[in-house]
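Colleague: just need the structure, nothing else, for what follows:
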Amino acid sequence: MKRLLVCSDGSEYSQVCYQYADWLAGRTGASIDVLYLTDIRQFEVPLIADLSGSLGIQPYQDVMSQLQEIEKEKAALIEATCRKILTERDQDGGVSVHHHTGLLVDCLEDYEADVDLVMLGKRGENADFASEHIGSTAERVIRASKKPCLVTSRAFMPIKKIVLAYDGGQSCRKAAEFLASSNAFKELELHIVSVVEDKDKPAAEKFLESAAETVRAGGYEPVCEVLEGEVEAAIAGYVESEGMELLVMGAYGHNRIRYLLIGSSTTEMIRSCHIPVLCFR
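Modeller: All right, here's what the predicted structure looks like:
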């Protein structure tokens, strides 16, 4: 892991994301790119557009200029905040801050091309409204990104215990291979769980053994558990009962875990687990 991309909007969740980036960079030596995109749609809403006709061109240009200045000030504040949190990395030249105008999902492919991990907060600037829901930007980024995505929680906690939700699918295998090959989480406690909904426990145990074999090659001695019940509830319950601090999961698989990042199940899984979630496509 050489480069981390942190997508920021300056919210409290973004500041927690900086802390997780700092923690990961400390373990891996990765550099950190912080990206703040001014949402171009705020300059195109009907209220702003109507000003051009009601006020005339010069007052309209003045309003646009003021909005742009506010965005520059906000970007400067975001940069100052992230550099303060990432002081040690910044002093070593390991922090770059970028500000552009556009839509994050539209620009993501270009910005993530040379990074190993995309990071963003679970919620954004409107976190105090509908606080039990995942932010729409976070969900769109998870769907669009071709790189692993780490969705961080509301409060920072150093990671000591990890759980991998495993169903034998390709994305889950990629997650297991990542854990085995990366030094990001080495020497931490790793649990692997598979959820049985149709009483096919032998198949779940086979999945677990395959995953365990992969991560043992990376030096782990995993705790393996077969869980019963509805997938989202079973995983969330295990996270809570065992005090997990990071959930690792595949975005697509070949049983119901494959739906976790499609539609409303995305919201339910990330919402119900109040810890960071590392997602693989």
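Colleague: how many other residues sit next to the nearest residue in space to Tyr220 that is not next to it in sequence?
Modeller: Closest residue in space to Tyr220, ignoring its immediate chain neighbours: Leu190 at 4.7 Å, by C-beta to C-beta, 6 or more residues apart in numbering. Quick note: C-beta positions are derived from backbone N, CA and C, even for glycine. Number of residues near Leu190 (other C-beta atoms under 10 Å) recorded here: 26.
Colleague: skip the chain neighbours and tell me the closest residue to Met157.
Modeller: Glu245 (5.7 Å).
Colleague: wait, the one you found touches Ile275, no?
Modeller: Yes: between Glu245 and Ile275 there is a contact under C-beta atoms under 8 Å: 5.6 Å.
Colleague: hey, what's in contact with both of the two?
Modeller: Both Glu245 and Ile275 are in contact with Met157, where contact means C-beta atoms under 8 Å, 6 or more residues apart in numbering.
Colleague: these two: which is more packed in?
Modeller: A count of neighbours by other C-beta under 10 Å puts Ile275 above the other of Glu245 and Ile275, at 24 against 18.
Colleague: show me the contacts for the more buried one.
Modeller: Neighbour list for Ile275: Ser153, Met157, Val239, Met244, Glu245, Leu246, Leu247 [criterion: C-beta under 8 Å, 6+ apart].
Colleague: take these and keep only those in strands.
Modeller: Cross-referencing the contacts of Ile275 against strands under DSSP state E gives Leu246, Leu247.
Colleague: can you flag the buried ones in the contacts of Ile275?
Modeller: The neighbour-count criterion (16 or more other C-beta atoms under 10 Å) marks Ser153, Val239, Met244, Glu245, Leu246, Leu247 among those as buried.
Colleague: element containing Leu5, please.
Modeller: Element membership of Leu5 [criterion: DSSP states H and E] is strand 3-8.
Colleague: that strand: how far from the chain's middle?
Modeller: 9 Å (C-alpha atoms, centre = their mean, to the nearest Å).
Colleague: what does the average pLDDT come to for it?
Modeller: What strand 3-8 shows for mean pLDDT is 96.
Colleague: parallel or antiparallel, list what pairs with that strand.
Modeller: Strand 3-8 sits in its sheet next to strand 31-39 (parallel), strand 117-121 (parallel), going by DSSP bridges.
Colleague: most packed of those strands?
Modeller: strand 117-121 (a mean of 26; mean count of other C-beta atoms under 10 Å).
Colleague: contacts for it, please.
Modeller: When contacts are defined by C-beta under 8 Å, 6+ apart, strand 117-121 is touched by residues 1, 3-9, 11-14, 16-17, 20-21, 24, 30, 108, 112, 135, 137-138, 141, 145, 147-152.
Colleague: out of those residues, which end up buried?
Modeller: Among these, those that count as buried by neighbour count (16+ other C-beta under 10 Å) are 1, 3-9, 11, 13-14, 16-17, 20-21, 24, 30, 108, 112, 135, 137-138, 141, 145, 147-152.
Colleague: kindly list the longest helix within this structure.
Modeller: helix 57-85 (DSSP state H).
Colleague: so can I have a markdown table of the strands paired with strand 3-8 showing mean pLDDT and distance to Asp167?
Modeller: Output for those, formatted as a markdown table (pLDDT from 0 to 100; distance: least, C-beta to C-beta, whole Å):
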| stretch | mean pLDDT | distance to Asp167 |
| --- | --- | --- |
| strand 31-39 | 92 | 32 |
| strand 117-121 | 95 | 22 |
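Colleague: quick check on the residue nearest the centre of the chain: phi, psi?
Modeller: Nearest to the geometric centre of the chain sits Val151, at 2.2 Å (C-alpha atoms, centre = their mean). In terms of degrees, to the nearest 10, the main-chain angles of Val151 are phi -100, psi 110.
Colleague: that one touches Ala138, doesn't it?
Modeller: Yes: contact criterion C-beta under 8 Å: Val151 and Ala138 qualify, at 5.8 Å.
Colleague: now do the shared contacts for those two.
Modeller: Joint contacts of Val151 and Ala138 (C-beta under 8 Å, 6+ apart) are Leu120, Gly121, Lys122, Ile270.
Colleague: kindly indicate which of those lies nearest Ala175.
Modeller: Nearest to Ala175 out of these is Ile270 (C-beta to C-beta; 15.6 Å).
Colleague: host element of Val16?
Modeller: Counting by DSSP H and E, Val16 is found in helix 12-28.
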